[in-house]
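> Sequence and predicted structure, then a few things I'm wondering about:
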Protein chains: 2
Amino acid sequence: MDTKGSSLLPEGAKARLVYLSLKDEIADGRLADGDNLPGEQRLAETFGVSRVTVRRALDALSADGLIERRVGSGTVVRANGFGKKPVAMDFTTLMPQLVEMGQSTTARLLSFSYGPAPDFVARAMKLGADEKVQIATRVRSADDRPFSHLTTYVPETIARNYSEHDLATTPLFKLLERSGVHIGDAQQSVSATLAGPEVAEALEVAVGSALLSLRRVVRDETGKGVEYLSALYRPDMFRLEMALTRVGSGSSRHWEPAIGKTEADVA
Amino acid sequence: MDTKGSSLLPEGAKARLVYLSLKDEIADGRLADGDNLPGEQRLAETFGVSRVTVRRALDALSADGLIERRVGSGTVVRANGFGKKPVAMDFTTLMPQLVEMGQSTTARLLSFSYGPAPDFVARAMKLGADEKVQIATRVRSADDRPFSHLTTYVPETIARNYSEHDLATTPLFKLLERSGVHIGDAQQSVSATLAGPEVAEALEVAVGSALLSLRRVVRDETGKGVEYLSALYRPDMFRLEMALTRVGSGSSRHWEPAIGKTEADVA
């Protein structure tokens, strides 16, 4: 199945929104395989759009293999229209569980430059005034399907130790440690955002699709920022996972991360 | 400032998308305070819409206080137009850091029933055939602004030990443990999705807004599911946070979660 949003999008912004919302509900399991979809009239009322609009959205879902329309007996969800399982990343190790899933990833460098850091990066990294950073944007794909759009900021003094080629072939962590950086700690924050035109094109999704957004500041042992990562992920291809165990007893009972086996470091 | 999306939305699905995309970029720091926004013509080309559409989107951002339009000198981002800091939840403790931020939250019960579990819930919880669950949907607000839409599934045999009133006033964890459940472990997964009409209304955002989505299965010591949570969060009001420390030495150097102080349990 072709999971590229762009080739299957219905015409019209309203139809696209209905299409993307229903697709998300199916990907997310809120609409499960075999479920009946509400009728066209009901969907039109719920979304506040015309039946023609609903029909265009359903046509696209049907072309995706995500629903099956049966004359007389309504529309049934076919969740197995979604292909492979998404790439899972363990939130406590910063490492995708790729080998486990039999997947390999490749990175493509979209842009690479040196210049001043945006304000929010300079603040988070505690950069000196006028301190330049290397700004690199990469798209990472699993089995040739793009799943992450990664923009990294690294102080120029560190980044000059590796090349554009290194960046496309070697995980950034390794390049930092090879450059003599002593990584101390990291702070990460996860949110959600909509795909703007440039990111949508790189990730092969429709403008306005939901993306998982991750910000990470990595600091050295003195507390100075050595890497700032701004990552956007396709939710149909990527999930953050975390296992927790309840330990202790009585009032000191609490959660602890249960760290699984991880295989590759690709941030 | 009024951060309710619904009262400020521009007319037209395309203008809404441009508005929501730019608003996300500002909330996310990709467009920082003081940055110049590209011109109307440039934005129109980037999004593939008309200048009239761009202007409607900018009018709404301006009404939100998120941009300032200056005659002759372009449009400047005013990121401080966003009010309070979002609620932060530590991903390793399942607990929002609320007291720290001087916030209190309240829950409102939207629906409450007993019935069969959806397939994806029954599978994840390893429920027996025909085993009924309590299905409850709550909206949680901080300082009267809704930030999370929580649907929980609990096996009927456990859920009969507490009331609708308990659910609106007491964290579910406490109710489960009070019911004699021995919580063993949990698995959580984070993704992103678009707000459909019902959730959008409950969270006071526009249909098609990006939402952070979290799924959690909590199991007892025998491995049987005792709670399934499907949570949707407003990204402008909620973030998952996690601090990591790099420990060990040589080839055994790895990340470990640095668990901070947490104060309240509100899942």
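Nice, thanks for sending it over.

> Please identify the helix or strand for whichever residue of the stretch 151-267 of chain A sits closest to chain B.
Nearest residue of the stretch 151-267 of chain A to chain B (CB to the nearest CB) works out as A:Ala192 at 3.7 Å. Just so you know, the C-beta spots here come from the backbone N, C-alpha and C atoms, and that holds for glycine as well. Taking DSSP states H and E as the criterion, A:Ala192 maps to strand A:183-194.

> what mean pLDDT does the following helix or strand past that strand have?
Counting by DSSP H and E, the element after strand A:183-194 in chain order, helix or strand, is helix A:197-203. Helix A:197-203 comes out with an average pLDDT of 92.

> on that earlier part again, run through the bridge partners of the residue of the stretch 151-267 of chain A closest to chain B.
Counting by DSSP bridges, A:Ala192 is bridged to A:Leu212.

> which residues touch A:Arg239?
Shown in contact with A:Arg239 (CB atoms under 8 Å, 6 or more residues apart in numbering or on different chains): A:86-89, A:212, B:189-191.

> from the residues you listed, which two are the most distant?
Pairwise distances across the contacts of A:Arg239 (CB to CB) peak at 13.1 Å, for the pair A:Val87 and B:Val190.

> More neighbours: these two, which one.
In this view A:Val87 and B:Val190 are compared by other CB atoms under 10 Å in any protein chain shown, and B:Val190 has more residues nearby, 27 against 23.

> Quick check: that one touching A:Leu214?
No. B:Val190 lies out of contact with A:Leu214 (CB atoms under 8 Å); the separation is 9.4 Å.

> joint contacts of those two?
A:190, A:240.

> do you know how far A:Asp28 is from A:Asp166?
For A:Asp28, the distance to A:Asp166 (CB to CB, to the nearest Å) stands at 37 Å.

> what's the burial count for A:Leu244?
A:Leu244 is flanked by 23 other residues according to other CB under 10 Å.

> beta partners for it?
On the basis of DSSP bridges, A:Leu244 is bridged to A:Pro257, B:Ala186.

> Please name the residues that touch it.
A:Leu244 sits next to A:255-258, B:92, B:94, B:185-188 when contact means CB under 8 Å, 6+ apart.

> switch to 6 Å and redo it
A:255, A:257, B:186 (CB atoms under 6 Å, 6 or more residues apart in numbering or on different chains).

> How about A:His149?
Taking CB under 6 Å, 6+ apart as the contact definition, A:His149 lies against A:139, A:199, A:202-203, A:232.

> Going by distance to B:Leu20, which of these wins?
Checking the contacts of A:His149 one by one against B:Leu20 (CB to CB), the nearest turns out to be A:Val199, at 14.1 Å.

> Skipping adjacent residues, who's closest to the closest one in space?
Closest residue in space to A:Val199, ignoring its immediate chain neighbours: A:His149 at 5.2 Å, by CB to CB, 6 or more residues apart in numbering or on different chains.

> quick one: which helix or strand includes that neighbour?
If you go by DSSP H and E, A:His149 is part of strand A:145-155.

> mean confidence score for the lengthiest helix in chain A?
Longest helix in chain A, counting residues (DSSP state H): helix A:13-27. Mean pLDDT, computed over helix A:13-27, is 86.

> again, but for stretch A:232-244
Stretch A:232-244 shows a mean pLDDT of 86.

> quick one: it to chain centroid distance?
Computed by CA atoms, centre = their mean, to the nearest Å, the separation of stretch A:232-244 from the middle of its chain amounts to 7 Å.

> Just the CA coordinates for it, please, in CSV.
Taking Å, rounded to 0.1, in the frame of the first residue of the first chain, the C-alpha atoms of stretch A:232-244 are listed here in CSV:
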residue,chain,number,x,y,z
LEU,A,232,9.3,16.1,14.0
TYR,A,233,7.9,12.6,13.5
ARG,A,234,5.2,11.1,11.4
PRO,A,235,2.8,9.5,14.0
ASP,A,236,1.8,6.7,11.6
MET,A,237,5.5,5.7,11.4
PHE,A,238,6.9,6.5,14.8
ARG,A,239,6.0,6.1,18.4
LEU,A,240,7.7,7.0,21.7
GLU,A,241,7.4,3.9,24.0
MET,A,242,8.2,3.5,27.7
ALA,A,243,7.8,0.6,30.1
LEU,A,244,7.4,1.2,33.8
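
> any chance you could map the strands in the stretch 1-150 of chain A?
A:36-37, A:67-70, A:74-77, A:87-90, A:95-96, A:105-116, A:132-142, A:145-155 (DSSP state E, counting those that start in this stretch).

> Of the ones you listed, which shows the lowest average pLDDT?
strand A:95-96 (a mean of 58).

> can you pull up the bridge partners for the residue nearest the centre of chain A?
Ranked by distance to the mean C-alpha position of chain A (CA atoms, centre = their mean), the top residue is A:Tyr233 at 1.1 Å. Counting by DSSP bridges, A:Tyr233 is bridged to A:Ser148, A:Leu212.

> Next secondary structure after the helix or strand encompassing A:Leu167?
Assessed by DSSP H and E, A:Leu167 sits inside helix A:164-169. Counting by DSSP H and E, the next helix or strand C-terminal to helix A:164-169 is helix A:172-178.

> Report the contact partners of the nearest residue to A:Tyr228 once chain neighbours are set aside.
Excluding its sequence neighbours, the residue lying closest to A:Tyr228 (CB to CB, 6+ apart) is A:Tyr153, at 4.2 Å. By CB under 6 Å, 6+ apart, A:Tyr153 lies in contact with A:117, A:121, A:133, A:135, A:228.

> returning to that earlier point: buried subset of the contacts of A:Leu244, written for PyMOL?
The following PyMOL line selects those of these that are buried, judged by 16 or more other CB atoms under 10 Å in any protein chain shown:
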select buried, (chain A and resi 255+257) or (chain B and resi 186)
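
> For chain B, tell me whether stretch A:114-124 is touching it.
Yes. Using CB under 6 Å from any CB of the partner chain, stretch A:114-124 reaches chain B at A:118-120.

> Mark which of those are buried, thanks.
Buried members of these, counted by 16+ other CB under 10 Å: A:118, A:120.

> can the residues of stretch A:114-124 next to chain B go into JSON lines with extra columns for pLDDT?
What follows is those, written out as JSON lines (pLDDT from 0 to 100):
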{"residue": "A:Pro118", "pLDDT": "84"}
{"residue": "A:Asp119", "pLDDT": "81"}
{"residue": "A:Phe120", "pLDDT": "82"}
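
> now, which of the residues of stretch A:114-124 next to chain B lie within helices?
Of the residues of stretch A:114-124 next to chain B, the ones assigned to helices by DSSP H are A:119-120.

> give me the low-pLDDT residue ranges for the stretch 151-267 of chain A?
A:259-267 (pLDDT under 70).

> What residues does it have near chain B?
Listed as neighbours of chain B in the stretch 151-267 of chain A under the rule CB under 6 Å from any CB: A:183, A:185-194, A:196-197, A:208, A:210-212, A:235, A:239-246, A:255, A:257.

> Just the buried subset of these, written out for PyMOL, thanks.
Restricted to buried positions by 16+ other CB under 10 Å, the PyMOL selection for those reads:
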select buried, chain A and resi 183+185+186+188+189+190+191+192+193+194+196+197+208+210+211+212+235+239+240+241+242+243+244+246+255+257
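
> Show me how far stretch A:30-41 is from its chain's centre.
In terms of CA atoms, centre = their mean, the gap separating the centre of stretch A:30-41 from the centre of its chain is 26 Å.

> For it, measure first residue to last.
For stretch A:30-41, the first and last residues are 20 Å from each other (CA to CA, to the nearest Å).

> List the buried residues for it?
Within stretch A:30-41, the residues that qualify as buried are A:30-33, A:35, A:37, A:40, counting by 16+ other CB under 10 Å.

> ditto for stretch A:46-54
So stretch A:46-54, judged by 16+ other CB under 10 Å, has buried residues A:46-47, A:49, A:53-54.
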